[in-house]
Structure formats: structure tokens, C-alpha cells
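Trainee: Using only what follows, build the 3D model:
(2 chains)
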2 protein chains.
Amino acid sequence: MDYFPSALENLIDKFAMLPGIGRKTAQRLAFFMVSLPDEEAAAFAEAINDAVSYVQCCKVCMNLTDSELCMVCESERRNPRIVCVVPDPKGVLAIERSREYDGVYHVLHGVISPMSNVGPDDIRIKELVTRVCDGGVDEVIMATNPDTEGETTARYISRLLKSFDVKVTRLAYGIPVGGSLEYADDATLMRAIEGRMEM
Amino acid sequence: MDYFPSALENLIDKFAMLPGIGRKTAQRLAFFMVSLPDEEAAAFAEAINDAVSYVQCCKVCMNLTDSELCMVCESERRNPRIVCVVPDPKGVLAIERSREYDGVYHVLHGVISPMSNVGPDDIRIKELVTRVCDGGVDEVIMATNPDTEGETTARYISRLLKSFDVKVTRLAYGIPVGGSLEYADDATLMRAIEGRMEM
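Mentor: Sure, this is the predicted structure:
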């Protein structure tokens, strides 16, 4: 189907490569792009180039940053002795939104997933172990997602860290605040009962 | 919420500007982009720049092309005396898929829509009238979408073209092939009865 000029077909292919973007949406986005004023489209292309050249991993916690250390690791108000392990940078954003946490992070950039061919060496577990091994960490909080892959990853890491003098905890499971018992699924209810706390 | 480096925030903003892309999806796309190998991301940026610099409107039919004339207008096997009017380049793609049509096109790049502040002068109607006025056109087929805005646009154009010696037709409405009477809506059924044909 060669009805579009090749530069446009190429742009459609690029958009279709993005996660969650199908062929039809890619077409729509590419058409929108060529309908933009030239300088706006150029700014888009530049934003991609800038992001790729300036954004790197924080050398301590592997979060995305544009300098050597990320904003959390750099801050003097954060407690570096507590490390929260999240699957990706969006996890950092989620925990920060709670305004409850004053420790630092470790970003895994993935979870162990045999189905997708992701093993322990493909994510940043080694860097976490080195960090704990170097000392100065009292507690590691596992904040992976409460699904099979997240659980597997959390268990794998906690087993690795057993040999070090560090407390390993994980986020509590339970009924979401504002949720209703009636609509909670069996697994969540089971976890909520298991994790019941004295009042 | 300044947890991401500014180059990344900027890229997220750009993605969020695209039609149908919300903040969360924009984040996902931007993260995906910075996770790509550098050369792939650069190729994406280049595809945008290329599309914007090479893609232009065909000077006859306003379809997108990378040369003066689009592939349809350039082809000698197409009948330039029949012009099919479509709202956008995707309309050309749709009609071409039918493999039934051997005329040429006119791409309006929009429809008349008072709700979105799009008037007749904002889309390529003038170019169509000039084309008909210059002669050499026997029939104009309106292939705008069967909704209020498409209908309004089609009626507006057909009224404009009345003063010229040209036949104005429109695509037939009716039950979709493979569709079922039971699920056809009232308006479609009414149109199907109105447009009934002898067998």
C-alpha cells in the first residue's frame, strides 16, 4: 500500500514501533506531525535527541537524571540508609507522590520475567547488591508490583541480601484506601487478613 | 512534580501534545524512547525532520506527496475527469483499498465544523472550485464521512458547484456488506430504503 510518500511511510513505521501504538494510531500521529508548523515538528525531533543525549542513569540509584546523581540521591534531606527498590522510574514518581518517604531509591529497570526472557542479570540487581555490600544501608524496602513477576523479583533479591546485615521489608498488601470489601478480590482479602494490624 | 530530568520532562510534554495521547501514555512513550539504543532514537528524530521537509501537498489534488504531483495525479491510468472529494489523506487510502475507483482525488484537509471554528475558507474548497472552474472535470463524487459535519461540507460544496457544468454525486449509504439488518441503526436503514435499487 504505497499511497503515501516514503518519508511519511517511514515516520508511520517509527510511530508504530512505540509500545501500545498500532498502525492506525501511528498513521494519525504521523499525519498530525506533518500538519504541525515546521518549527514545532523540529522542536519535537530535538526533544528526542536532547532526551537521549542528556538523560542518563544516576550512578548510585540508577534513576534517570541529567547529571551524575539524581535529585533524590543529591538531596541532603533524604536518609541514604533506607533504600526503596522500584521496578522503574515511574515507581519513584509513585512513591514520591505519597510524600511519606524520605529514604532513597534503587531503580531495577525491569523485573525478572522468564516469559519475556528477562533474567536477574538483565536488570540492575548487581548494582543493588554492590550498594548493600559497600555498607551504609540499614533497610531495603521492596516496592515491586504485587504480581507474579514483581513477587519473584522481590523474593530473589531478598534471598540475595540475606547474607548481609540489612533488614529487608516490602510494601504492605491490603484493601486500597477508599476501596470496598465487596469489590476486593480474594487474593487481596487474604493478604489483608494475613497482614492485619493491632489497633 | 520535578522528579524527572528536564530533557525528559520536555519530551513527555511533546508526546502529550499529540492527539489522543494523555500524560501517562506520554510518560510511557518518553521512557521507551530514552531506553532505545541511541541510533534508533536518532533515526526517529530524523524521520520527523524528513517527513516535515519532504512531505508537501500535491499541487493538483492536495493529497500528501514528496514530489510536485502525487502518485494518483501522476498516473496515466487514472481518469482525471472524475474527482472524488475526501476529507483527508486517509480517505484516499480507504477508497484506494476498494480497488474499484480509477478517477482522481481532491483532499479537503478537514470538514466544515462551526463547533471547532472551521469554516469553508479553512479547508481546501477554493482549490476544488478553481479545479472545476478550469474545466476538464465531468463528475465530482462527495466522499465525506456520513456524519453531520461531513454532510454539511458535502452540501456546501455541491451548492457551490451547481453553477458549473459538472455532475455532483455522493457515495451510497446503506447496510454495510456483511452487516446484519438487526444491528443496523434507524438512520442507516432509512437511507438504505430510500436508496433501494432494482435487481
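
Trainee: isn't A:R170 right up against A:N145?
Mentor: No - using CB atoms under 8 Å, A:R170 makes no contact with A:N145, being 11.2 Å away. Quick note: C-beta positions are derived from backbone N, CA and C, even for glycine.

Trainee: Helix, strand or coil: sort out A:Y105 for me.
Mentor: When classified by DSSP: H, G, I helix; E, B strand; the rest coil, A:Y105 comes out as strand.

Trainee: Looks like it contacts A:T65 (just checking).
Mentor: No - A:Y105 is beyond contact range of A:T65, at 11.4 Å (criterion: CB under 8 Å).

Trainee: so what does the longest strand anywhere in chain A touch, helix or strand wise?
Mentor: For chain A, the longest strand by residue count, based on DSSP state E, is strand A:79-86. Counting by 3 or more CB pairs under 8 Å, 6 or more residues apart in numbering or on different chains; DSSP states H and E, the packing neighbours recorded for strand A:79-86 are helix A:89-97, strand A:103-107, helix A:125-133, strand A:139-142.

Trainee: Just the mean pLDDT for the first one, thanks.
Mentor: Same thing as helix A:89-97. For helix A:89-97, mean pLDDT rounds to 85.

Trainee: Same question for the shortest one.
Mentor: Over the span of strand A:139-142, the pLDDT mean works out to 91.

Trainee: who's in contact with A:E46?
Mentor: Residues counted as contacts of A:E46 (CB atoms under 8 Å, 6 or more residues apart in numbering or on different chains) are B:A45.

Trainee: ok, 10 Å please
Mentor: Listed by CB atoms under 10 Å, 6 or more residues apart in numbering or on different chains, the contact partners of A:E46 are A:E39, B:N10, B:L11, B:K14, B:A45, B:I48, B:N49.

Trainee: Can you tell me which of the residues you listed end up in strands?
Mentor: Using DSSP E, none of the contacts of A:E46 sit in strands.

Trainee: Now the common contact residues for A:R170 and A:N145.
Mentor: Taking CB under 10 Å, 6+ apart as the contact rule, A:R170 and A:N145 both touch A:E151, A:A154.

Trainee: Tell me which residues touch A:D38, please.
Mentor: Contacts of A:D38 by CB under 10 Å, 6+ apart are B:N49, B:V52, B:S53.

Trainee: same thing but at 6 Å, please
Mentor: The contact partners of A:D38, taken as CB atoms under 6 Å, 6 or more residues apart in numbering or on different chains, are B:V52.

Trainee: do the same with the one 3 residues further on
Mentor: Residues in contact with A:A41, defined by CB under 6 Å, 6+ apart, are A:M33, B:I48, B:V52.

Trainee: okay, those in a markdown table with pLDDT and neighbour count next?
Mentor: Putting the contacts of A:A41 into a markdown table (pLDDT from 0 to 100; neighbours: other CB atoms under 10 Å in any protein chain shown) gives the following:
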| residue | pLDDT | neighbour count |
| --- | --- | --- |
| A:M33 | 93 | 23 |
| B:I48 | 94 | 26 |
| B:V52 | 90 | 24 |
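
Trainee: Out of the residues you listed, which is nearest to A:I175?
Mentor: Within the contacts of A:A41, distances to A:I175 taken as CB to CB reach their minimum at A:M33, with 44.6 Å.

Trainee: Tell me the residues of chain A that contact chain B?
Mentor: A:3, A:5, A:7-8, A:10-11, A:14, A:18-19, A:29, A:32-34, A:38, A:41, A:44-45, A:47-52, A:54-55, A:65-66, A:93, A:96 (CB under 6 Å from any CB of the partner chain).
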